[in-house]
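Student: Pasting the sequence and the predicted model now:
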Amino acid sequence: MNRVPIGQIAQLNPRTPKNLNEDQKISFLPMASVSEDGKVVEQEDRTFSKVKKGYKYFERGDIIVAKITPCFENGKAALTDSLENQIGFGSTEFHVIRPDKSKIDTKYLFSIIWSNRFRYLGEKSMKGAAGQKRIPIDFIKDYEIPLPSLEDQRRIAHMLEKLEGLISRRKEHLQQLEALLKSIFLDMFGDPITNPYKFPIEKLSNFYINPKEGTKCGPFGSALKKSELVESGISVWNMDNIGPTGHMALPFRMWITEEKYQKLAPYSVIDGDIIISRAGTVGKMCVAKMNGEPGIISTNLIRLRLNDKLRPQYFTSLMTHCKGRIGRLKTGPDGALTHMNTGILNKLEFPYPPVELQEQFICMLEKVETLKHRYRKSITDLEMLYATLTQKAFKGELDLSRVALPAEDEQLLVTGESKDTIIDEASSDSQSLENVDNYNFTFPQFENRKQAFKLWLTRFIEQVKAEDSLSVQSFMFETSGMMAELSSEGLLEEMGLDKYDDEISISDYEIVKSLIFNMIKDGTLAQKFDDDKNAVLVVPN
């Protein structure tokens, strides 16, 4: 495939036109107006007279990309096709790229600017002092990109745009679930400042497992050196293992030997411990789920270990949903707590609800967390797929001959045989496209419910081949969640299942049971006896 430097197919940092009127309305974009998801999130109207000096000029349809660290590395770049005014101005820390539309599709070029490879190489080319490094314009000018035909550029861009839309929707669903949890929490317990249910005010230290082990800061750097980390062994918690919404984020990326663990045993982590960050995003926290495996905390973390009178899930939810409203804790402009240490925790006071009420909330929390886990996994799969498709598309390794142009098919990118070809090529070592196929490509029309279950069960078996056995309950749970989502998005009718309720019934279990027996007969599944469980298991063959 022909490759050309961006400087040959785009104008870089174009000059401000000389014929602009002083009173002309323009769209103004400070750096904060561009999200790390590649979108313009807000804009304000100004007059040209107020921005003509000290700001960067661009127009609707240009690409803007942050040039300063860490904004560039974090993905602050955007298409400006959503500008309300034709002319725009913004931070001088933007580079502006104006594509020659006779040679390159704007969205195709943006997908390259947005790619991990561009970001990685751009970071390597940065110049300047620490904290003030910038991408030189010559890096963009000389950066070579693949240049297929304009039609293929549009096909690639449209395909990637659809995937971006799916990822955005999943992230929106996560935000909605987080808002739901906060609403449930406040409904059950009220604002901790006003304490409308008159719960008694208690000190957190009253609920420590004991005075010695209740709180523990991570070991000093000299106690755990980088040179002592190993490729596998006892897990070491880092700040990255605490998710932004209070969930435990895997995988672990640091380990120590058993011998080193014995020396650092006071910093151990067990099931039910609360892990809190005291650097970076201060006050981020989650409940540890170690499944009986040992672990320790690293330097910038605090471990909180409670007795059975205070449920850790309740306390982390209180601190997550009511941050800054507990014990006079302060938050910064980014929403994070400004300070966190064991002294603050020892003195922390909060309304204390009965254990029974805490457990009622935890039951609801666990149901919502199960849904959130599904969405997080879907996002990870889609992002992996996006990266794979991007890499293959830019190398010219995808057969785009049957991929519809946007004008021909605005709903779907890939149909029939060509979809399967691209799926096979792009995800030969992962199941990421299965999720996309379930929700976003053309749905097969099913003559009956059994036909739908047969397809979904076949896919489910493929996904659990590495597991010990097939869990019918897990399959039915996944199917129930999928059908509920399909129903909410109005897609059941497209699948020919509009006359069926989206709730899983007893008859559905009978359908699945008969399908499993047939799969055992044809050799797709097999049975084996598990001595430890004293049970017959069904396993993929």
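Tutor: Cool, got the structure. If you're wondering where the values come from, they're calculated on a predicted model, not measured in any experiment. Numbers count the residues shown, from 1 in each chain.
Student: Check what pLDDT residue 376 gets.
Tutor: In the predicted model, residue 376 carries a pLDDT score of 84.
Student: how close does it sit to residue 12?
Tutor: 38 Å (C-beta to C-beta, to the nearest Å). Every C-beta, even on glycine, is put in place using the N, C-alpha and C of the backbone.
Student: out of those two, which sits in the busier spot?
Tutor: Shown here are residue 376 and residue 12; by other C-beta atoms under 10 Å, residue 376 has more neighbours (18 against 14).
Student: mind listing what that one touches?
Tutor: Contact partners of residue 376, counting by C-beta atoms under 8 Å, 6 or more residues apart in numbering, are 174, 247.
Student: Distance check, it against residue 361.
Tutor: Distance, residue 376 to residue 361, by C-beta to C-beta: 21 Å.
Student: Over to residue 68?
Tutor: The gap separating residue 68 from residue 361 is 44 Å, by C-beta to C-beta.
Student: does residue 525 really touch residue 540, like I thought?
Tutor: Yes: counting by C-beta atoms under 8 Å, residue 525 touches residue 540, with 6.3 Å between them.
Student: ok, the closest residue to residue 39 other than its chain neighbours to residue 38 distance?
Tutor: Spatial nearest neighbour of residue 39, excluding adjacent residues (C-beta to C-beta, 6 or more residues apart in numbering): residue 78 at 5.9 Å. Noted for residue 78: a distance of 6 Å to residue 38, by C-beta to C-beta.
Student: Between those two, tell me which one has more neighbours.
Tutor: Remark: of residue 78 and residue 38, residue 78 carries more neighbours, 25 against 18, as counted by other C-beta under 10 Å.
Student: partner residues bridging that one?
Tutor: With DSSP bridges applied, residue 78 shows beta-bridge pairing to residue 64.
Student: residue contacts, it?
Tutor: By C-beta under 8 Å, 6+ apart, residue 78 lies in contact with 34-35, 38-40, 63-64.
Student: Please flag which of those sit within strands.
Tutor: Mapping the contacts of residue 78 onto strands (DSSP state E) picks out 63-64.
Student: ok, residue 118 - contacts?
Tutor: Neighbouring residues of residue 118 by C-beta under 8 Å, 6+ apart: 112, 143.
Student: Kindly provide the distance from the residue lying closest to residue 65 once chain neighbours are set aside to residue 347.
Tutor: Leaving aside its sequence neighbours, residue 65 sits nearest to residue 77 (C-beta to C-beta, 6+ apart; 3.9 Å). Noted for residue 77: a distance of 44 Å to residue 347, by C-beta to C-beta.
Student: the more surrounded of the two?
Tutor: Neighbours per residue (other C-beta under 10 Å) separate residue 77 from residue 347, with residue 77 holding more: 25 against 12.
Student: ranges for the strands of the stretch 101-250 of the chain?
Tutor: Per DSSP state E, counting those that start in this stretch, the stretch 101-250 of the chain carries strands over the ranges 144-146, 201-203, 215-217, 234-237.
Student: Let me know the pLDDT of the residue nearest to residue 39.
Tutor: Per-residue pLDDT puts residue 78 at 94.
Student: Same check on residue 137?
Tutor: With respect to pLDDT, residue 137 scores 96.
Student: What is the neighbour count of it?
Tutor: As a burial measure, residue 137 scores 15 neighbours (other C-beta under 10 Å).
Student: now the one 5 residues further on
Tutor: By the other C-beta under 10 Å criterion, the neighbourhood of residue 142 contains 13 residues.
Student: Now it: closest residue in space that isn't a chain neighbour?
Tutor: Per C-beta to C-beta, 6+ apart, closest to residue 142 is residue 5, 5.2 Å.
Student: beta partners of the one you found?
Tutor: Bridge pairing for residue 5 - DSSP bridges - gives residue 144.
Student: That one: what's it in contact with?
Tutor: Taking C-beta under 8 Å, 6+ apart as the contact definition, residue 5 lies against 141-145.
Student: Would you format those as CSV with pLDDT and distance to residue 343 included?
Tutor: Formatted as CSV, the contacts of residue 5 follow (pLDDT from 0 to 100; distance: C-beta to C-beta, whole Å):
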residue, pLDDT, distance to residue 343
141, 96, 54
142, 96, 54
143, 95, 51
144, 94, 56
145, 93, 54
